[in-house]
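> Mind looking at a prediction? Sequence and model below.
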Amino acid sequence: MLRFPQLYKITQNADGFNTRVFWGHCINALIHSIILFWFPLKVLEHDAVFTNGQGPDYLFVGNIVYTYVVITVCLKAGLETTAWTKFSHLAVWGSMLLWLVFFGVYSAIWPTIPIAPDMLGQAGMVLRCGYFWLGLILVPTACLVKDVAWRAAKHTYHKTLLEQVQELETKSKELGKTMLRDSNGKRFTSFSKRLHGDDVRNPPGPPFQPQPPTPCIFFSPS
Amino acid sequence: MAAASPCAEPAARNKPDNTAFTQQRLPAWQPLLSAGTALPLFFCVGLACLALGLGLHFSSDTIRELELDYTGAPGSGHNCSRCGNASLAGAGACTCSLRFELPERFPGPVCLYYQLSNYYQNHRRYSVSRDDRQLSGDASGLSNPATECSPFRTDPQGIPIAPCGAIANSLFNDTFALYHLANGTFHPVPLDNRGISWWTDSNIKFSNPELVNGSLEAAFKGTAKPPNWPHAAYMLDTGNPNNTGFINEDFIVWMRTAALPTFRKLYRRVREGNFSSGLPQGTYRLDITYNYPVLSFQGTKKVIFSTVSWMGGKNPFLGIVYLVFGSACILTGFVMLAVHIKFQKQNQMDVE
């Protein structure tokens, strides 16, 4: 940030979240919702969805819709994430897993615990249905293909300053995708050496040094 | 470094930890999505979806299905319109026969469904009108049904109804018998009524109350039958003690409420005897006991014969959607390619 103080402009202008971005997300959510609801409903319309000829019920449709919703929402959140830490992985994949575990448990507790009698057996039947698995490949992909395409196209024809800086940072390491960003240049000298070595077009600014505290002044502009 | 001045003190006391978590130095993967990287993904996904869509489409085409509408609307000249008129007039049971041709052999097992239309099993108050505690054989459920069941909770004399609720009360009660014409005579086709409901339903969720002196009728003592039923629950399929009372599979299948107003439910399977390999081509006769009135709400009743595959019954929707989506993906891939080529030079110039 010290080398590219223009990056502060992004938050100053509310580029990341303003009315336009908000309504864009809302319309996107509407399109996602249409796909997420109507697709499973139309697939299960004819009520013969199991290999043995048995039929589903309204909760079956609902559980399938909800599973697709969880997957789509988690993947969309992951798409919006610019830096995937281990907590991001935990949140995205962990949420999907948690729903699956909850679904399995909730579908089996009646009558041991006297709640959710209508959910009994749902998880087993949902996971046994071929349409569910086929839809699992198709529905979240159909929802997110436009988002991925939009993001990729925007990144290609109109890169924001933030994305340019991120790209520069990743290019300065040979192959690795992991980027250890540090404001304390002293501790990660090996990385900063490589940064300084390759980056001849943008000469680096002075490395950040912790200033000794001067009497009654807590930081000095450097 | 630590000056004697009092101004240096607060900075040292409030200094945050210098760990990767608190200083936001966690190792992170920063994916950079561009047209060039997303391009092969779109083409691969598109081609895979096209292939899958073709497979699904052909798979659905191999499934055989035959529909027979037997509502018997008045004035339609249908064999069962006599029964339709009788049901509108409120008369009792009526039987009608349908003769039909099976155009080709249906490989087994063939499933027999009944389909109702304009029938909203997903109506809000209808769908909650049941008592699962009572249906799982709980004795307190028999004597004190849930309040959601009203107005089908107790009969006019105040005796609790078993099974209570509107869903149970509206049990579908038409019966069908199938005959195949061979050598000039009609031979009955055996219809198997086992295993038409979910395993968890018939084994865990639904179970009869404890037998009293070995008798189910005695277990239901002190309860009344639902108003629309001809007989009580313990008289369902009296020939088979494993299929009577609450665990009657037709009853269980009906209690699994459908999602849409046009729905079909599994009635029987044809998989026994001479017909274990399927229904041969030829002439058949379906004898229907027309009990269920649907004309009063402009509903229709149909019987459907269907073969099954790994994906269940006939459903062309999935194949078509996959084909459409695959094409859309490939189209997007081409758009990405155009964007990538057009801006590739521009990006390279920017970097230089």
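Sure thing, it's come through. On a predicted model such as this, the values are computed, not experimentally measured, just so you know.
> quick one: contacts for residue 56?
Chain wasn't specified; assuming chain A. A:44, A:47, A:49-50, A:125, A:129, B:256, B:259 (C-beta atoms under 8 Å, 6 or more residues apart in numbering or on different chains). C-beta here means a position set from N, CA and C on the backbone, and glycine is covered the same way.
> my question was about chain B
By C-beta under 8 Å, 6+ apart, the contact set of B:Leu56 is A:134, B:311, B:318-319, B:322.
> Over to it: give its phi and psi.
Main-chain dihedrals, B:Leu56, degrees, to the nearest 10: phi -70, psi -40.
> check which helix or strand covers the spatially closest residue to it that is not a sequence neighbour.
Counting by C-beta to C-beta, 6 or more residues apart in numbering or on different chains, B:Leu56 lies nearest to B:Gly319, which is 3.7 Å off, once chain neighbours are set aside. Per DSSP states H and E, B:Gly319 falls inside helix B:316-351.
> Tell me the pLDDT of whatever residue of the stretch 51-200 of chain B ends up closest to chain A.
Closest approach between the stretch 51-200 of chain B and chain A, counting by C-beta to the nearest C-beta: B:Thr200, at 2.9 Å. What the model reports as pLDDT for B:Thr200 is 93.
> domains of chain A?
Domain assignment for chain A, taken from automatic domain parsing, gives A:15-158, A:159-200.
> the strands in the stretch 1-150 of chain B, which residues?
Remark: strands assigned in the stretch 1-150 of chain B by DSSP state E, counting those that start in this stretch are B:28-29, B:65-69, B:94-102, B:106-107, B:110-117.
> Dump the ones you listed to JSON lines, plus mean pLDDT and mean neighbour count.
Listed next are these as JSON lines, based on pLDDT from 0 to 100; neighbours: other C-beta atoms under 10 Å in any protein chain shown:
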{"stretch": "strand B:28-29", "mean pLDDT": "86", "mean neighbour count": "18"}
{"stretch": "strand B:65-69", "mean pLDDT": "94", "mean neighbour count": "16"}
{"stretch": "strand B:94-102", "mean pLDDT": "92", "mean neighbour count": "15"}
{"stretch": "strand B:106-107", "mean pLDDT": "92", "mean neighbour count": "19"}
{"stretch": "strand B:110-117", "mean pLDDT": "95", "mean neighbour count": "22"}
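> Any idea which of those gets closest to A:Thr112?
A:Thr112 lies closest to strand B:110-117 among the strands of the stretch 1-150 of chain B, at 33.2 Å (C-beta to C-beta).
> Tell me how many other residues crowd A:Cys129.
21 (other C-beta atoms under 10 Å in any protein chain shown).
> B:Ser306 and B:Asn315 touch, don't they?
No: assessed by C-beta atoms under 8 Å, B:Ser306 is found out of contact with B:Asn315, at 10.7 Å.
> mind putting the strands of the stretch 1-150 of chain B in a markdown table, distance to A:Phe87 included?
What follows is the strands of the stretch 1-150 of chain B, written out as a markdown table (distance: least, C-beta to C-beta, whole Å):
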| stretch | distance to A:Phe87 |
| --- | --- |
| strand B:28-29 | 10 |
| strand B:65-69 | 51 |
| strand B:94-102 | 61 |
| strand B:106-107 | 54 |
| strand B:110-117 | 49 |
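> and the residue nearest to the spatial centre of chain A, how far is that from chain B?
The centre of chain A sits closest to A:Gly78, judged by C-alpha atoms, centre = their mean, with a distance of 0.9 Å. In this view, A:Gly78 and chain B are 9 Å apart by C-beta to the nearest C-beta, to the nearest Å.
> So that residue belongs to a helix, correct?
Yes: secondary structure of A:Gly78 (DSSP: H, G, I helix; E, B strand; the rest coil): part of a helix.
> give me every residue that touches it.
Residues in contact with A:Gly78 (C-beta under 8 Å, 6+ apart) are A:84, A:88, A:92.
> Which ones, among the residues you listed, also lie beside chain B?
Checked against chain B using C-beta under 8 Å from any C-beta of the partner chain, the contacts of A:Gly78 yield the following neighbours: A:84, A:88.
> What is the nearest of the contacts of A:Gly78 to chain B?
Distance ranking of these against chain B, using C-beta to the nearest C-beta, places A:Trp84 first at 4.3 Å.
> List the beta-bridge partners for the closest residue to that closest one other than its chain neighbours.
Nearest non-adjacent residue to A:Trp84, counting by C-beta to C-beta, 6+ apart: B:Trp29, 4.3 Å away. Here B:Trp29 sits in beta bridges with A:Trp84, A:Thr178, as judged by DSSP bridges.
> Could you report the distance from B:Trp29 to A:Gln164?
Here B:Trp29 is placed at a distance of 19 Å from A:Gln164 (C-beta to C-beta, to the nearest Å).
> all helices of chain A, in order?
Under the criterion DSSP state H, chain A contains helices at A:8-12, A:19-43, A:58-80, A:86-106, A:122-128, A:130-157, A:161-171, A:189-198.
> for the chain, which spans come out with low pLDDT?
Assuming you mean chain A. Within chain A, the segments meeting pLDDT under 70 span A:1, A:173-222.
> Oops, wrong one, chain B.
In chain B (pLDDT under 70), the answer is B:1-11, B:347-352.
> That one - how does it break down into domains?
B:44-63+B:316-334, B:66-308 (the TED database).
> closest one to A:Cys143 among these?
Here domain B:44-63+B:316-334 is closest among the domains of chain B (C-beta to C-beta), at 10.9 Å.
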